[in-house]
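Asks: let's see this in three dimensions:
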Amino acid sequence: MADGVAVTAGSGTTIATDDTASGHVQLNKLAISTDGSATLVPATSDGLAVVNRPETSGGYTTPFRSVDLDETEEEVKASAGQVYGYYFWNNATSARWIKWYNATTANTTVGTTSPYLTMMAPASSAGHVSFPHGIPFSTAITVAATTGVLDSDTGAPSANDVGVNVFFK
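Replies: Numbers count the residues shown, from 1 in each chain. Predicted structure coming up:
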């Protein structure tokens, strides 16, 4: 059986189809194809291939930066948002703990408010983490650093021990 099925609508129209073992399947044109073109956009085994391309706008918000992250909470974003990645450093000779809060600074008290996330910054280290799909914060994004892992810890890192750049939207 040939692809394409004749449909009579007044003078006649042909609908693009693909002939399969169980019958014809109508083909739908994607808006990305050229006007008047019948060229099909090929799919991969995982679906349509998507290519990321650089853009000059619409990306992450200007990154948040702190070169002295300590037990005093700092507001990355005062409203709901998503963290897509961060770069941290720990100049201390022992581990420090980066604590993320799903709350504004007005509603965050380090040592009392439960962190949304707690991440260790190993001694004398730096690193980065990327979250391609983002980590959602439904209220706000606030961050702090302490010398201990417990939610109740309020140990103050020394000046310039811990720093962070946060990539968010």
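Asks: spatially nearest residue to Met119, not counting backbone neighbours?
Replies: Spatial nearest neighbour of Met119, chain neighbours left out: Ile98 (4.8 Å); criterion: CB to CB, 6 or more residues apart in numbering. No exception for glycine: its C-beta is placed from N, CA and C like everyone else's.
Asks: can I assume the one you found is in contact with Val162?
Replies: Yes. Between Ile98 and Val162 there is a contact at 7.0 Å, judged by CB atoms under 8 Å.
Asks: OK, contacts around the residue nearest to Met119?
Replies: Shown in contact with Ile98 (CB atoms under 8 Å, 6 or more residues apart in numbering): Leu69, Phe88, Thr118, Met119, Met120, Ala121, Val143, Ala144, Ala145, Val162, Val164.
Asks: go with 10 Å
Replies: When contacts are counted by CB atoms under 10 Å, 6 or more residues apart in numbering, Ile98 touches 69, 86, 88, 90, 115, 117-121, 143-146, 162, 164.
Asks: for it, give its distance to Gly81.
Replies: The spacing between Ile98 and Gly81, counted by CB to CB, to the nearest Å, is 17 Å.
Asks: please enumerate the helices of this structure.
Replies: Taking DSSP state H as the criterion, the chain contains no helices.
Asks: would you mind finding the longest strand in the protein?
Replies: The residue-count maximum for a strand in the chain (DSSP state E) belongs to strand 125-137.
Asks: with only the CA atoms kept, save that strand in PDB.
Replies: Output of strand 125-137 as PDB, limited to C-alpha atoms (Å, rounded to 0.1, in the frame of the first residue of the first chain):
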ATOM      1  CA  SER A 125      38.500  22.300  48.500                       C
ATOM      2  CA  ALA A 126      36.300  23.800  45.800                       C
ATOM      3  CA  GLY A 127      33.800  22.300  43.500                       C
ATOM      4  CA  HIS A 128      30.700  22.800  41.500                       C
ATOM      5  CA  VAL A 129      27.400  21.100  41.100                       C
ATOM      6  CA  SER A 130      24.900  21.400  38.200                       C
ATOM      7  CA  PHE A 131      21.200  20.600  38.300                       C
ATOM      8  CA  PRO A 132      20.100  20.700  34.600                       C
ATOM      9  CA  HIS A 133      16.400  20.600  35.600                       C
ATOM     10  CA  GLY A 134      16.800  22.800  38.700                       C
ATOM     11  CA  ILE A 135      15.900  22.300  42.300                       C
ATOM     12  CA  PRO A 136      12.600  24.100  43.100                       C
ATOM     13  CA  PHE A 137      12.300  26.400  46.100                       C
END
